[in-house]
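K.L.:
sequence first, then the predicted structure, then my questions.
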Amino acid sequence: MNGAHATTCPYCGVGCGVLASVGADGAVGVTGDPGHGSNLGRLCVKGAALGETLDLQGRLLQPTLREPGGALRRVGWGEALDRVAGGFRRILDNHGPDAVAFYVSGQLLTEDYYVVNKLAKGYIGTANIDTNSRLCMSSAVAGHKRAFGEDVVPGCYEDLEQAELIVLAGSNTAWCHPVVFQRMVKAKEQGAGPRIVVIDPRFTATCESADLHLPIRPGTDVWLFNGLLSFLFRHGAIDAAFVDAHTQGFEQALAAAEAEAGDPAEVARRCGVQLADLLTFYRWFARHGKTVSLFSQGVNQSSSGTDKVNSLINCHLLTGRIGKPGMGPFSITGQPNAMGGREVGGLANMLAAHMDLHEAVHRDIVQSFWDSPRIASRPGLKAVELFDAVLEGRVKALWIMGTNPVVSLPDADRAKRALAACELVVCSDIVEATDTNAFAHVLLPALGWGEKNGTVTSSERRISRQRPFLPAPGEARADWRIVRDVAQRLGFGRGFQYDGPHDIFIEHARLTAFRNHAPRGDGLPAVPRQLDLGALAALSRQDYDALAPVQWPVTADGRGTPRLFADGRFAHGDGRARFVATPGRAPAHAPDAEYPLVLNTGRVRDQWHTMTRTGKSPRLAGHISEPYLDMHPHDALRFGVREGELARVRSRWGAMVARVRHGGGILAGHVFVPIHWNDQYASDARVGGLVNPVVDPVSGEPEFKHTPVRVEPFPVRWYGFAFGRHPLPTARPHHWTLIRGEHFLRYEIAHRDRLADCGTWARAWLGAGDPDADWLEYEDRSTGVYRAAYVVEDRIEACIFLSARQDLPARQWLAGLFAQDRLDESDRASLLAGEPPGAGADTGPIVCSCFGVGRNTLCAAIREQGLETPAQITASLRAGGNCGSCVPELRQLITEAHAEAGA
Ligand code: SF4
């Protein structure tokens, strides 16, 4: 092994430090960095599996142009960059700066973000640059700016360990931010740790560790927190001195809260929770000074997301719980560099370095620092309105970087139509085939994790280096370099003389300190901001390469700042925080007779975004393999669908198909669908196509958590699955999902038509054409069961199992056959019999991805060994003993086993 490279995980906003080592065989080993303050050596299973996602299969490795007929043509960088710059120049000259736009990503490094933002706002002169971070945390940004005067997360992860009470609002932390969750659970298990309250319509894995779960109706958070504000005031649980000295607007906020949420019984009724539970929460909040309220997409992704954020912050301002150890509101972001993007102004309504587009003084400061020919003078188009503008022809050139809006935007089919109608679509990406890249006129190969060089900022304001430890593959280039080269071709060379990320970071750091302090008597005022990296502006290239993780603002001697606002001084001009009056508002679209259910969307534990990376890892595919529709059994009965079968979910905006399951954690009247699956991994599972495009009026964040839908049966003649060593043509079955295994690809399939001849169909689909190979086949026409295996020189090449019912064999044992060089007689017999060769051979769906421990194995051990705690399971089977992401599910299995035993 070469020496370990300290870098940062590219997935969620926890921002874990990673040590990556490249072995002599090129394999990449990954461990948690014990010296990194965000994770202290821990990684969740996604981070731990990073090494499995780095192969070059499917990578975009060369610039590519789409010819008028649709064919793709590989070209050199010169031609590709000329095509991009020429297209932008033509549209700029003919239609002006607002006819072009950029849609970028929280996956970009801060340096990439900085350069593209500078190009758009300072040189092209448009603020039409928005990011997929708009979809996950722009309500938190807007709430911070309203309350604090600046987009600042006041606390740090240590506060979660020091708190007496943690309120998790709209956050399935156990699955979405597992390392932070493990930190709080560990503190809890050590005795003096926090009580945990989960506010979530669903009973998620996070609730397994909660002391109290409030399953509020979606969209009622503002009433809940207004009720809390009123309760705290009425019970004297306030810090009057703090309110008097450091805030404004308390009376108006309290009046709004009292007007509609002064009566806890009414709040409980409106929120759909038990009054006793509501009062328990309110009393705990009143009693525990050290309270952290951690919130995420469940709060943000709403047509009243910004008000939800402010209603929560109001309660912290009233109690003075901010800026001190163990307390504060805490926005945890979904993406690895959502925070870094915000620092450099990567949203359509921001300028760089936490300055505002709508303030002339701020614009002057940024323009003078950039010495740029112009500066955007008004906010640009936010994500949803940006794609509307593309569809309407107002935006004619769109450059998409590192994101997949055809999957992730609401009303995603509209995004498809927009891209299809757009004059020039440029996509910078690491993957060649994505749902979005299908619409690109120019494809530009970007560097991926392990190749890129720069910085990211985590949810606790910690700047960490992403360091390269792999060579750039093919012709791939850094995003900042691609943007620089286009900027130079557009005639803006003077402002883009960067040789590397170090140059860019230094310029960014200087800008954060530029006119950030008292006026200097030179005619231009200062704009004080907490974001100040001035102490890093003199870093040499070597210092930058060696930069240790540090939380901004950075002090003159280079130290970070874990907490802000300890002195009660906020970023508004008068130094006071603002209470915001937040009248409750129902979600934009109510369920009705035609669409009577409420769709909620979110993540699963082991996948990330649109699966372009995590979809490659067999380990991560083992936990939840297929798109699913979680619904209450009563609703399933009502809508004529059954667990395990397929159903169509339909809204006014679109439809999709998924497998029905009863996870047990969802209220009647609600359904949940994960966000990850797309046309590369399933025939019809883009949930974004269903989501209503309503946005929060302040932040522009879409309402992903509340879309009225209906559920219909998706009748099929037969279900099945196939394993193959090579890709199979997905046009054949009517429904399919692709799952990558260690030595195979697995397809879960279903077909709507009767198959006259299963054998012929299966042979053709599997490509089993070798006459000298073995074709093992079994068919029972009376029950509609068919199975076959294609064996070449004693090695299994493919197999298929079909049934008219959902009684298909387990999959796990079949995967093992593809790891073997040859099949023996018992393997062949098992294939024909459709069952594993002995008891215990089927371990069941994977629960612990780190050690590959399946549900069946776990249930048997719990039952037979009388295991009662996750720690006992770990001692027996190792499960749960590494990253800990599966511990909540282990708890759930123990509970279920005890319930069964007691029944
Ligand atoms: S919690 Fe997991 S996904 Fe998030 S940064 Fe850490 S290792 Fe990566």
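P.N.:
Received the coordinates, thanks.
K.L.:
surely residue 463 touches residue 508?
P.N.:
No - under the criterion of Cβ atoms under 8 Å, residue 463 is not in contact with residue 508, lying 10.4 Å apart. Bear in mind the C-beta positions are built from the backbone N, C-alpha and C, glycine included.
K.L.:
how about the contacts made by residue 706?
P.N.:
218-219, 302-303, 587-589, 598-600, 692 (Cβ atoms under 8 Å, 6 or more residues apart in numbering).
K.L.:
give me that answer again for 10 Å
P.N.:
With contact set as Cβ atoms under 10 Å, 6 or more residues apart in numbering, residue 706 has these partners: 201, 217-219, 301-303, 586-591, 598-601, 670, 691-692, 694.
K.L.:
ok, residue 295 next?
P.N.:
Under the criterion of Cβ under 10 Å, 6+ apart, the contact list for residue 295 reads 137, 139-140, 143, 167-171, 199, 221, 305, 308-309, 312-313, 329-332.
K.L.:
could you do residue 754 as well?
P.N.:
717-718, 784, 804.
K.L.:
for the closest residue to the ligand within the stretch 401-550 of the chain, what are phi and psi?
P.N.:
Among all residues of the stretch 401-550 of the chain, residue 458 sits closest to the ligand, at 7.8 Å; criterion: Cβ to the nearest ligand atom. Main-chain torsions, residue 458, degrees, to the nearest 10: phi -80, psi -180.
K.L.:
model confidence for the residue of the chain most remote from its centre, exactly?
P.N.:
Computed with Cα atoms, centre = their mean, the residue of the chain farthest from its C-alpha average is residue 772, at 48.4 Å. Among the per-residue scores, residue 772 holds a pLDDT of 88.
K.L.:
pretty sure it sits against residue 792.
P.N.:
Yes - Residue 772 is within contact range of residue 792, at 8.2 Å (criterion: Cβ atoms under 10 Å).
K.L.:
quick check: phi and psi on the residue of the stretch 1-150 of the chain found nearest the ligand?
P.N.:
Distances from the stretch 1-150 of the chain to the ligand, computed as Cβ to the nearest ligand atom, single out residue 47 as the nearest residue at 2.5 Å. When quoted as degrees, to the nearest 10, the phi and psi of residue 47 stand at phi -60, psi -40.
K.L.:
number of nearby residues for the nearest residue to it once chain neighbours are set aside?
P.N.:
Nearest non-adjacent residue to residue 47, counting by Cβ to Cβ, 6 or more residues apart in numbering: residue 9, 4.4 Å away. Neighbour count for residue 9, taken as other Cβ atoms under 10 Å: 29.
K.L.:
picking up where we left off before, what sits against the residue of the stretch 1-150 of the chain closest to the ligand?
P.N.:
Contacts here follow Cβ under 10 Å, 6+ apart; on that basis residue 47 touches 8-12, 14, 16-18, 30-32, 39, 178-179, 883, 885.
K.L.:
what residues does this protein have near the ligand?
P.N.:
The interface of the chain toward the ligand, taken as Cβ under 6 Å from any ligand atom, is made up of 9, 11-12, 14-16, 39, 43-44, 46-47, 177-179.
K.L.:
all strands of the stretch 801-903 of the chain, in order?
P.N.:
For the stretch 801-903 of the chain, applying DSSP state E, counting those that start in this stretch gives strands covering 846-848, 853-854.
K.L.:
which of these is buried the deepest?
P.N.:
strand 846-848 (a mean of 27; mean count of other Cβ atoms under 10 Å).
K.L.:
list the neighbouring strands of that one plus their orientation.
P.N.:
Strand 846-848 has its sheet partners listed here by DSSP bridges as strand 853-854 (antiparallel).
K.L.:
next up, the contacts around the closest residue to the ligand within the stretch 251-400 of the chain.
P.N.:
Nearest residue of the stretch 251-400 of the chain to the ligand, counting by Cβ to the nearest ligand atom: residue 336, 6.7 Å away. Neighbouring residues of residue 336 by Cβ under 10 Å, 6+ apart: 8-16, 105-109, 449, 456-459, 464, 466, 608.
K.L.:
strands - which of those residues land there?
P.N.:
The strands in this structure, assigned by DSSP state E, contain 8, 456-457, 464, 466 from those.
K.L.:
farthest pair within those?
P.N.:
By the measure Cβ to Cβ, the ones in strands among the contacts of residue 336 have their two most distant members at 457 and 466, which lie 11.1 Å apart.
K.L.:
any idea which helix or strand carries residue 140?
P.N.:
Secondary structure here is read from DSSP states H and E; on that basis residue 140 sits in helix 134-148.
K.L.:
and that helix, which residues are buried?
P.N.:
Taking 16 or more other Cβ atoms under 10 Å as the basis for neighbour counts, the residues of helix 134-148 that come out buried are 134-148.
K.L.:
show the pLDDT at the residue nearest to residue 647 when sequence neighbours are not counted.
P.N.:
Using Cβ to Cβ, 6+ apart and skipping the chain neighbours, the partner closest in space to residue 647 is residue 641 (4.2 Å). In this prediction, residue 641 carries a pLDDT score of 97.
K.L.:
and residue 550, by the same measure?
P.N.:
The per-residue pLDDT reported for residue 550 equals 97.
K.L.:
numbering from 24 from now on, please.
P.N.:
Sure thing, new numbering starts at 24, so read that last one as residue 573.
K.L.:
the stretch 724-873 of the chain: helices as residue ranges?
P.N.:
In order along the chain, the stretch 724-873 of the chain carries the following helices (DSSP state H, counting those that start in this stretch): 781-789, 835-840, 848-856.
K.L.:
please read the previous query as pertaining to the stretch 374-523 of the chain.
P.N.:
Secondary structure of the stretch 374-523 of the chain, counting by DSSP H, counting those that start in this stretch: helices at 383-393, 406-414, 428-431, 435-444, 502-512.
K.L.:
wait, what's in contact with the spatially closest residue to residue 342 that is not a sequence neighbour?
P.N.:
What sits nearest to residue 342 in space, not counting adjacent residues and going by Cβ to Cβ, 6+ apart, is residue 262, at 5.5 Å. Taking Cβ under 10 Å, 6+ apart as the criterion, residue 262 is in contact with 255, 268-270, 312, 339-345.
K.L.:
over to residue 119?
P.N.:
Contacts for residue 119 (Cβ under 10 Å, 6+ apart) come out as 147-149.
K.L.:
off-centre distance for the top helix by length along the chain?
P.N.:
Ranked by number of residues, the top helix in the chain under DSSP state H is helix 100-118. Going by Cα atoms, centre = their mean, to the nearest Å, the spacing between the C-alpha centre of helix 100-118 and its chain's C-alpha centre is 32 Å.
K.L.:
which parts of it are buried?
P.N.:
Applying a neighbour-count criterion of 16+ other Cβ under 10 Å, one finds 100, 103-104, 106-108, 110-112, 114-115, 118 buried in helix 100-118.
K.L.:
same question for stretch 736-748.
P.N.:
Residues of stretch 736-748 classed as buried under the neighbour-count rule (16+ other Cβ under 10 Å) are 737, 739, 741-747.
K.L.:
ok, stretch 385-396 next?
P.N.:
Applying a neighbour-count criterion of 16+ other Cβ under 10 Å, one finds 385-386, 388-390, 392-393, 395 buried in stretch 385-396.
K.L.:
cool, and stretch 850-864?
P.N.:
Result for stretch 850-864 [16+ other Cβ under 10 Å]: buried residues 850-851, 853-854, 857, 859.
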